[in-house]
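What follows is a protein structure lacking sequence information:
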């Protein structure tokens, strides 16, 4: 289950999104590569301007997420959702990782060392 701020189930809204859905995974924010997170946060701003949904899935509380965003200067509009850490490890085996899905189908997934450029992302979503 992907849990929203109010404890509501956001699984279908995110996983079955009819449009392209970008997902950052982090099974443990305390152990996540902070520089990679800042780079991905910058990518969020670019992708968001194109109109695509971009969320973070991690294990933790909303307080943990807010603290992490403040301490690491992560864009305040980047939405964080709670998910089981074991499931996150299965999704992408890096911390953080990035996935692109559409209607529940994985289009791509990347280790934080291999995050695609905005140009490559634009090509992927056009094809």
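The structure has been received and is ready for your questions. Just so you know, these numbers come straight off a predicted model, no measurement behind them.

C-alpha from now on. contacts and neighbour counts both.
Will do.

And the strands in the protein?
If DSSP state E is used as the criterion, the strands of the chain fall at 20-26, 53-58, 79-82, 97-102, 105-111.

In its sheet, which strands sit next to the first one, and in what direction?
Using DSSP bridges, the strands paired with strand 20-26 are strand 53-58 (parallel), strand 97-102 (antiparallel).

got the angle for the last one vs strand 105-111?
Following axes from the mean of the first three to the mean of the last three C-alpha atoms, to 10 degrees, one obtains 170 degrees for the angle between strand 97-102 and strand 105-111.

before we move on, back to that, go through the strands paired with strand 20-26 and name the closest to residue 29.
strand 53-58 (7.1 Å; C-alpha to C-alpha).

so what's residue 18 up against?
Neighbour list for residue 18: 102-103 [criterion: C-alpha atoms under 8 Å, 6 or more residues apart in numbering].

May I have the beta-bridge partners of residue 25?
Those that pair with residue 25 in a beta bridge, by DSSP bridges, are residue 57, residue 97.

And for it, the neighbour number?
Residues contacting residue 25 under the criterion other C-alpha atoms under 10 Å number 32.

per-residue pLDDT, residue 9?
Predicted confidence (pLDDT) for residue 9: 96.

right, I mislabeled it, should have said residue 123
Per the predicted model, pLDDT is 89 at residue 123.

can you check residue 105 too?
95.

Tell me what it is bridged to.
residue 102.

Residue 72 versus that one, what's the distance?
Separation of residue 105 from residue 72 (C-alpha to C-alpha, to the nearest Å): 31 Å.
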